[in-house]
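A.B. asks: sequence first, then the predicted structure, then my questions.
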Amino acid sequence: MMPLLHIDDLWVAYNGRGPNQPVQNMLHGISLSIQRGERVAIIGESGAGKSLLTMAIINLLQEGAFIRQGKIEFEDQVLNQLTPEALRLIRGRRIGMVFQDPMTNLNPLLTIEQQLVQCIRSHRRISYQDARTIALHKLRLVHIPAPESRLLQYPHQLSAGQRQRVTIAMALSLEPALIIADEPTSALDVTMQAEIMHLLNHLCQSNGVALLFVSHDLGLVAQHTDRSLIMYAGRIVEDGPTASLINDAQHPYTQGLIKALPQHSRPGSRLYQIPGQMPLPQQVGPGCAFAPRCPYTTERCLQQIPAPQGPGGHQASCHLLASDAAGDSHMGHTGGSL
Amino acid sequence: MTQPLLQLEQVSKSFYTRPTAPYELFRWRRPARLSAVEQLDLTVYRGETLCVVGESGCGKSTMARLVMGLLHPDEGQINYAGQRIDHLKRHDRLAYRRRMQMIFQDPYTALNPRLTVLHCLLEPLLYHQPQLTEQEALEQVFQQLLAVGIDPALGQRFPHQLSSGQRQRLNIARALSVKPEFIVADEPLSALDVSIQAQILNLLQDTANQQNLTFLFFTHNLAVVEHIADRVAVMYEGRLCELTSSRNLFKHPRHPYTQALLEAMPQLTTSPQQGAKLMGDVPSRLQRPLGCSLQDRCPYANERCRHQVPTLFSHTDGGQTACHALQEGRIKP
Amino acid sequence: MSPFEVSSHKLWRRYRRSQVMAHLKAHRAAFVCAIVLLLAIITALLAPWLAPYNPGDLSAHDIMDAELPPIWQAGGDSRFWLGTDGLGRDLLSSLIYGLRTSLAVGFCAVLLQLVLGVSLGLAAGYLGGWTDRVLMRLADLQLAFSSLMLAILALAIVQAAMGAASYSIWAPWILVLVLGLAEWPQYARTLRASVMAEKQKDYVAAAELLGFGDWRIMLRHILPNTLSPLLIISTLQVAHVILAEAALSFLGIGMPYYTPSLGGQMRDGFEYMLSGSWWIALLPGLTLVLLLLAINLLGDWLRDTLDIQHQDGPSL
């Protein structure tokens, strides 16, 4: 089956800001594909390139950034070769967006009704009344109480949780095939976070919409996604089914991330910590980007970029996983500790 | 129990709203009062780590700033080591300034962008100990940098040239540079990346142990609380709902809100959690209902909850909750 | 090396490593403007050596040379490249000395505005309360008057009180004083706004918690972080003051007629416009336009550049 979204060897680079600044590669050969109805998480620290990747997919890169190489295929079309007009039709209609701050999607000067109806009618030739009916239906879907009266309100009259529900309703209103949710709950409270995640997840599943979920929080995505990708310094270092990734992490970075969570150590004891910090794109050496922080670094890690290793569905880019003796001892050493 | 270091007695603080958009200027409405904390009673004992948990906007930051004297309470009083400090003038407060220090949420805005790492630490040192020679001061600064894990070779860098983890380390070093006994940390981890959070948490714990510091730690992350807290205070909409030891809180959460918080805590399991226990939204802070602030979301709310604000009462194990349903036995403790 | 001393050598290194030159080269218009301004300043500083004649020396010119056109015009005299004015003075020399007056008045008045505005704005923004209210109402009052009107009024009174002879000696200083006093609210308001914004930031709270005094927090922590808006208004204010000085001199209440200033020359030349000697008024006017354009464009460039440098690095 053709995947819904297929990214092949994507390189995104940044023009240096000042004069005499060299072009910097920010994303290094990203490849991924999302099937119809699949829920995929992209996990990484800030600066790992998660948001840049989502922006590259919908071609909304900020000034200075550009796609250097690679192909983004979505429903038989190559997104990075389309005209801006054709892209605009796909954005919104086939790909919905939910951002961290709901106010990015909402215009503070328009009522909820105006925004939703405008959004629907800009993509579909239907009457105002029909569009309003659809809007109302979508608001019910996202469990907004008293949707009739909410339609007449302005964004600032809603609470943060309600606003995020409205943006989800908006993203769903055109029945897209893919929803990209960029940290949709980080601006929300803890108790609200679980509810919104639940809602987003449920709606995507029941409507057969694929979900690309961007987050820095492994725990949050654990229950809500089928597959997870771990990004580090502009590269995908591990890609596998979420369950297998969390229970049997292959890449030392993923293992470190999981081990460092406070839930995994006894109260009061020292936490496991990954030393150092993620390098900036321009600081990455010739080898594996994680090598300077990795406890298992060898000479080879510093010299050569590792290729994805591992059986079919679950792959990690690490030299230690290559089929030699070192790989086995490494697995025995750390794999079981979780 | 050891002696109390900090006591808040019936502390309240409210703010008045301001128009935030041009069209609000033309609304015929008086500025609304937004109460950030209400009648807060809390005691921090010497040497303990007390965590205050709550969601964003529940009044944690206001409370931190009240304790530090950056804000003044409208009502109530704050005692430090037996002395009342909330009404002190700036000059009289100096004696307490160096004994208590604060670590801020955003490590970047908490550093002066025009001061290098070295100057950031040299300044407080030389200001309070002018008799130090340059050499002695520099040596002390190097030690402080090493203690928080910053390479002294970064001394000439400016804050924007540091990573967020290094910035937070520098903030910690600066707070420790005046040798305080009490540290207030306002969400010190939430602006940091996952792999850096563990580093900073370890650093805070190590320094607390080495220097026998008292910690008042504000956070929304329950996993962190479980890891470091001796006692926990749970806050909702400016009031305390539960105050108990960390072990009891995670074993037997009593208050409906605490229970909901614990359930919403992201778990690293792939089995789906049950849906959220609390439905509905946090009430608007401007139209706070009469009675318990949780009434609209709480499955146990009755008439009394809608009219009367619950106050803290003690359980047999020393834990305290503010809930009518618990007090009346409508919920089994 | 001690972190306290910054030797001149180090300053130079820091400057070379900084991106000023690279940024200037990338924006050609700003680069040209910087060169024009630099040339104007050098010319003004070296006026006594560069100018062929001293326009202040009454014995040096001859009324017979009056109204000679520039040398590329028919009837031009090779002694006077840009021609002469109605009194037979060399126009090139007058321009060079006029530039000197304009720039000196411009920079000195802005310096005065800066000192006044910064100290009052800093006090108002940081201390708040009554200090703020009183100072800002004063500023509002000042802004309610047109600064040019105020200057005209003040200069007319001073001129009448002092008498023409002693006024002409003190004229540049009085102009500096009047123009400096008239426009401090611009600085005070901008500075107050940025001080209040900085005051909200956590590093100021941290400085307070470390027990630092008000003076230290104001001067060492807040002031350095409000420099970029100050630098930007300063460039625009220099242009504004130069223009105001020219306008006052044009109206005849600025510089005395025998002290060359660009505005005064334009006024003098105006009388000869109709008799065909256009250069006497036009050349000082063009110089003024060129100078103000350069300063304004430089100010614009400065604002754009400082804005960009405020954000750090590409965000992901």
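C.D. replies: Sure, I can see it.

A.B. asks: assign the residue nearest in space to the middle of chain A to helix, strand or coil.
C.D. replies: Closest to where the C-alpha atoms of chain A average out (CA atoms, centre = their mean) is residue A:214, at 2.5 Å. What DSSP: H, G, I helix; E, B strand; the rest coil gives for residue A:214 is strand.

A.B. asks: doesn't residue A:185 make contact with it?
C.D. replies: No. Using CB atoms under 8 Å, residue A:214 is not in contact with residue A:185, being 11.1 Å away. Yep, even glycine has a C-beta here, placed from its N, CA and C like the rest.

A.B. asks: quick one: the longest helix seen in chain A near chain B?
C.D. replies: Longest helix of chain A, by residue count under DSSP state H: helix A:190-207. Yes. Helix A:190-207 reaches chain B (CB under 8 Å from any CB of the partner chain) through A:190-195, A:198.

A.B. asks: and the residue of chain C closest to chain A?
C.D. replies: With CB to the nearest CB as the measure, residue C:26 is the residue of chain C nearest to chain A, at 4.0 Å.

A.B. asks: quick one: that residue from residue B:137, how far?
C.D. replies: 42 Å (CB to CB, to the nearest Å).

A.B. asks: okay, these two: which has more neighbours?
C.D. replies: residue B:137 (20 against 14; other CB atoms under 10 Å in any protein chain shown).

A.B. asks: looks to me like that one is in a helix.
C.D. replies: Yes. Assessed with three-state DSSP, residue B:137 lies in a helix.

A.B. asks: which residues of chain C score low on pLDDT?
C.D. replies: Scanning chain C for pLDDT under 70 picks out the ranges C:1-23, C:56-68, C:73-81, C:86-88, C:257-258, C:307-316.

A.B. asks: what strand or helix carries the residue nearest to the spatial centre of it?
C.D. replies: Taking CA atoms, centre = their mean, the centroid of chain C lies closest to residue C:238, which sits 2.4 Å from it. Assigning secondary structure by DSSP states H and E places residue C:238 in helix C:227-251.

A.B. asks: show me what the helix or strand sitting right after that helix along the chain is packed against.
C.D. replies: Counting by DSSP H and E, the next helix or strand C-terminal to helix C:227-251 is helix C:262-270. Counting contacts by 3 or more CB pairs under 8 Å, 6 or more residues apart in numbering or on different chains; DSSP states H and E, helix C:262-270 is packed against helix C:91-127, helix C:227-251, helix C:279-310.

A.B. asks: excluding chain neighbours, give the residue nearest to residue A:155 in space.
C.D. replies: residue A:106 (4.4 Å; CB to CB, 6 or more residues apart in numbering or on different chains).

A.B. asks: do residue B:299 as well
C.D. replies: Using CB to CB, 6+ apart, the nearest residue to residue B:299 is residue B:256, at 7.1 Å.

A.B. asks: follow-up on the earlier one: does the residue nearest to residue A:155 sit in a helix, a strand or a coil?
C.D. replies: coil.

A.B. asks: residue C:277 contacts residue C:269, correct?
C.D. replies: Yes. At 7.3 Å, residue C:277 and residue C:269 qualify as touching, with contact defined as CB under 8 Å.

A.B. asks: could you pull up phi and psi at residue A:66?
C.D. replies: phi -150, psi 160 (degrees, to the nearest 10).

A.B. asks: now the most centrally placed residue in chain B: which helix or strand?
C.D. replies: For chain B, residue B:218 is the residue whose C-alpha lies nearest the centre (CA atoms, centre = their mean; 2.5 Å). Residue B:218 is part of strand B:214-219, with elements assigned from DSSP H and E.

A.B. asks: helices or strands up against the helix or strand harbouring residue A:133?
C.D. replies: Residue A:133 is located in helix A:128-141, with elements delineated by DSSP H and E. If contacts are counted by 3+ CB pairs under 8 Å, 6+ apart, helix A:128-141 sits against helix A:112-121, helix A:147-150, helix A:160-172.

A.B. asks: buried stuff in it?
C.D. replies: A:131-132, A:134-136, A:138-139, A:141 (16 or more other CB atoms under 10 Å in any protein chain shown).

A.B. asks: so which residues make contact with that helix?
C.D. replies: A:112-113, A:116-117, A:120-121, A:124, A:126, A:147-148, A:150-151, A:165-166, A:169-170, A:172-173, A:203 (CB atoms under 8 Å, 6 or more residues apart in numbering or on different chains).

A.B. asks: at 7 Å instead, please
C.D. replies: A:113, A:116-117, A:120-121, A:147, A:150-151, A:169, A:172-173, A:203 (CB atoms under 7 Å, 6 or more residues apart in numbering or on different chains).

A.B. asks: now, which of the residues you listed sits nearest residue A:258?
C.D. replies: residue A:203 (28.5 Å; CB to CB).

A.B. asks: how far away from the center of its chain is stretch B:326-333?
C.D. replies: Distance, stretch centre to chain centre, for stretch B:326-333: 29 Å (CA atoms, centre = their mean, to the nearest Å).

A.B. asks: err, stretch A:104-124, not the other one
C.D. replies: Distance, centroid of stretch A:104-124 to centroid of chain: 25 Å (CA atoms, centre = their mean).

A.B. asks: endpoints of it, how far apart?
C.D. replies: For stretch A:104-124, the first and last residues are 23 Å from each other (CA to CA, to the nearest Å).

A.B. asks: and that stretch, what's buried?
C.D. replies: A:105-106, A:111-113, A:115-117, A:119-121.

A.B. asks: avg pLDDT for that stretch?
C.D. replies: Stretch A:104-124 shows a mean pLDDT of 87.

A.B. asks: equivalent analysis for stretch B:79-89, please.
C.D. replies: On average, stretch B:79-89 scores 87.

A.B. asks: please save the CA atoms from stretch A:269-280 in PDB.
C.D. replies: Extracted C-alpha coordinates of stretch A:269-280, given in PDB (Å, rounded to 0.1, in the frame of the first residue of the first chain):
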ATOM      1  CA  SER A 269      18.300   8.900  44.900                       C
ATOM      2  CA  ARG A 270      20.400  10.500  42.100                       C
ATOM      3  CA  LEU A 271      18.800  10.400  38.700                       C
ATOM      4  CA  TYR A 272      20.500   8.800  35.700                       C
ATOM      5  CA  GLN A 273      21.700  11.700  33.600                       C
ATOM      6  CA  ILE A 274      23.000  12.000  30.100                       C
ATOM      7  CA  PRO A 275      26.100  14.100  30.300                       C
ATOM      8  CA  GLY A 276      26.600  17.200  28.200                       C
ATOM      9  CA  GLN A 277      24.100  18.700  25.900                       C
ATOM     10  CA  MET A 278      22.800  18.300  22.400                       C
ATOM     11  CA  PRO A 279      25.200  19.900  19.900                       C
ATOM     12  CA  LEU A 280      24.100  22.700  17.600                       C
END
